[in-house]
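# Next input, structure requested:
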Amino acid sequence: MITPYKDNKSGKKEQVAQMFNNIARRYDFLNHFLSLGIDKIWRKKAIRNLHGIPSNPVILDVATGTGDLAIAALKLNPEKVIGIDISLEMLNIGIEKIKKKKLDHIIELKKGDSENLEFESNSFDGLTVAFGVRNYENLNKGLSEMYRVIKENGKLVVLEFSKPRAFPVKQIYNFYFRYILPGIGKIISKDSSAYTYLPESVNQFPERESFVTELEKVGFKNTTFETLSFGIATLYVAKK
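Presented below is the predicted three-dimensional model:
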């Protein structure tokens, strides 16, 4: 199992929480800077893929971080958006952001464990996860929990990094992820492990067809995936 801190004896979940607490203040800047702003386009596309759920839906955003995808979900005119994350520092920044935008009457961010969701079964019309599933300690358990809390015919949208396969994007991507990104991430975030862990976690993640299989194992149906930006990210859509 890939973990952020190799010499740390705690579990992956605790290490991931520590990592995001460490980089929280620089997370939004690094996200947009290192992706050249493309991550904003990916999030908008993820929300568009929630089409077909009921009007004024209730949406859960798992691994919400600083709340960017939860905010993007307002395009669906939701009754309520709840975002959960295991990092309190990330949540605190997200809560500040939402208060400044005067959206706290619709969006609620709170601490939560993606593998042990505190919500009742069949609670949400839609569920989103952006760049979070590869951080799960137990992927099957996390996916099973998401399946449990979505309503019948509800929709899941997962946005996750993936590995390009075509020349020359594959070679450029590998060089960037291996040599450029960790250096920039270390300088700006002051955490030398966080942006080394990122490419390692992407490398071991069961992407594309393999991840679709994982979704179907827990009960999801009509599962599809679409590669984005030459395969740098992949968008997965499934129904309960």
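# all strands of the chain, in order?
Assigned by DSSP state E, the strands in the chain fall at 58-62, 80-85, 107-111, 124-130, 150-161, 221-228, 233-239.
# what's the closest of these to Phe20?
strand 80-85 (7.6 Å; C-beta to C-beta). (Each C-beta comes from the backbone N, C-alpha and C, glycine too.)
# need the contact list for Asn31.
39, 68 (C-beta atoms under 8 Å, 6 or more residues apart in numbering).
# at 6 Å what do you get?
Shown in contact with Asn31 (C-beta atoms under 6 Å, 6 or more residues apart in numbering): Asp39.
# the bottom helix or strand of this structure by mean pLDDT?
Least confident helix or strand of the chain, by mean pLDDT, DSSP states H and E, is helix 181-189 with a mean of 85.
# List the buried residues in that helix.
181-182, 185, 189 (16 or more other C-beta atoms under 10 Å).
# Redo those residues as CSV? Include distance to Val133.
Below are the buried residues of helix 181-189 laid out as CSV (distance: C-beta to C-beta, whole Å):
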residue, distance to Val133
Leu181, 20
Pro182, 22
Gly185, 20
Ser189, 22
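# Would you tell me which one of those comes nearest to Leu109?
Ser189 (21.3 Å).
# How about that closest one: what's its closest non-neighbour residue?
Ile23 (4.2 Å; C-beta to C-beta, 6 or more residues apart in numbering).
# measure the one you found to Leu36 for me?
With distances taken as C-beta to C-beta, to the nearest Å, Ile23 is found 19 Å from Leu36.
# These two: which is more packed in?
Ile23 (21 against 8; other C-beta atoms under 10 Å).
# Let me see the contact set for Glu160.
Contacts of Glu160 (C-beta under 6 Å, 6+ apart): 133-134, 234.
# Serialize the strands of the chain to TSV and add fields for mean pLDDT and distance to Lys44.
Below are these laid out as TSV (pLDDT from 0 to 100; distance: least, C-beta to C-beta, whole Å):
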stretch	mean pLDDT	distance to Lys44
strand 58-62	98	14
strand 80-85	98	15
strand 107-111	98	17
strand 124-130	98	11
strand 150-161	97	11
strand 221-228	98	11
strand 233-239	98	11
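# Can you say which of those is nearest to Lys141?
strand 58-62 (12.7 Å).
# what's the closest one packed up against?
strand 80-85, strand 124-130 (3 or more C-beta pairs under 6 Å, 6 or more residues apart in numbering; DSSP states H and E).
# can you tell which of those strands is closest to Lys45?
Per C-beta to C-beta, nearest to Lys45 of the helices and strands packed on strand 58-62: strand 124-130, 10.8 Å.
# which residues are in contact with the closest one?
Residues contacting strand 124-130 (C-beta under 6 Å, 6+ apart): 50, 53-54, 57-63, 69, 146, 149-151, 154-159.
# which of those count as buried?
Counted by 16+ other C-beta under 10 Å, the contacts of strand 124-130 give 50, 53, 57-63, 69, 146, 149-151, 154-159 as buried.
# circling back: how about CSV for the contacts of Glu160, with neighbour count and distance to Gln15 added?
Formatted as CSV, these follow (neighbours: other C-beta atoms under 10 Å; distance: C-beta to C-beta, whole Å):
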residue, neighbour count, distance to Gln15
Val133, 23, 16
Arg134, 23, 14
Thr234, 22, 24
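# Which of those sits closest to Lys240?
Of those, the one sitting nearest to Lys240 (C-beta to C-beta) turns out to be Val133, at 16.6 Å.
# Which other helices and strands does the least confident helix or strand of the chain contact?
Looks like helix 181-189 contacts helix 12-34, helix 194-204 (3+ C-beta pairs under 6 Å, 6+ apart).
# I appreciate the help and will end here.
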